[in-house]
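Q: output the structure for:
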Amino acid sequence: MIAVPQTAIDLAKRFEGFHRVPKTDPGRAHPYICPAGYWTIGYGHLCDSTHAPITEAEAEVYLARDLQMALAATLRYCPVLATESEGRLAAIVDFTFNLGAGRLQTSTLRRRVNQRDWMAAGDEIQRWAYGGGKVLPGLVLRRKAERVLLGG
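A: Purely as a prediction, here's the structure:
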């Protein structure tokens, strides 16, 4: 069984961060609405608005589960990644974690990855920098990091 690449974990933590820790409740994250309009907690874990605050350790557990699901979906839709570099796998796992398996499943990015056309995959991944209908600087940086890992 393939493990979640450490690079994917690092990307998720780098770009999601452990957010919404109020000064009045240090060490615990509270639910917030992400730029795409979803209730989120910890390291980008989807939740509802009434979710109880969590510690960083609890956020790590959520992240590990979420990344395991993203890895499974990534390999289901892009089986060629099972024999590619850890970096390429990590890039698409992070993309899937960030945007969801449905977006990967229906994307041109998926086709380019399965064709092993890394230059075109790199071009495609950069198109996914929108949240809430506008380009988000954090997503631009995230997609650039993923593109570097793709080698395209």
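
Q: show me the shaky parts of this structure.
A: Along the chain, segments meeting pLDDT under 70 span 152.

Q: all helices of it, in order?
A: 6-16, 56-77, 86-99, 101-105, 108-114, 118-125, 137-150 (DSSP state H).

Q: outside of the longest one, which residues touch it?
A: With C-beta atoms under 8 Å, 6 or more residues apart in numbering as the test, helix 56-77 has contacts from 2-4, 8-9, 12-13, 16, 18, 27, 29, 41-45, 54, 81-82, 89, 92-94, 96-97, 101, 104-105, 110. Every C-beta, even on glycine, is put in place using the N, C-alpha and C of the backbone.

Q: over to the fifth one?
A: Counting by C-beta under 8 Å, 6+ apart, helix 108-114 makes contact with 77-81, 88, 92, 95, 104, 118, 120-121, 124-125, 128, all of which sit outside it.

Q: show me what contacts Leu104?
A: Ala73, Thr74, Tyr77, Cys78, Ile92, Phe95, Thr96, Arg110.

Q: how about 10 Å then?
A: 70, 73-74, 76-78, 92-93, 95-96, 110, 113, 128 (C-beta atoms under 10 Å, 6 or more residues apart in numbering).

Q: cheers, nothing more for now.
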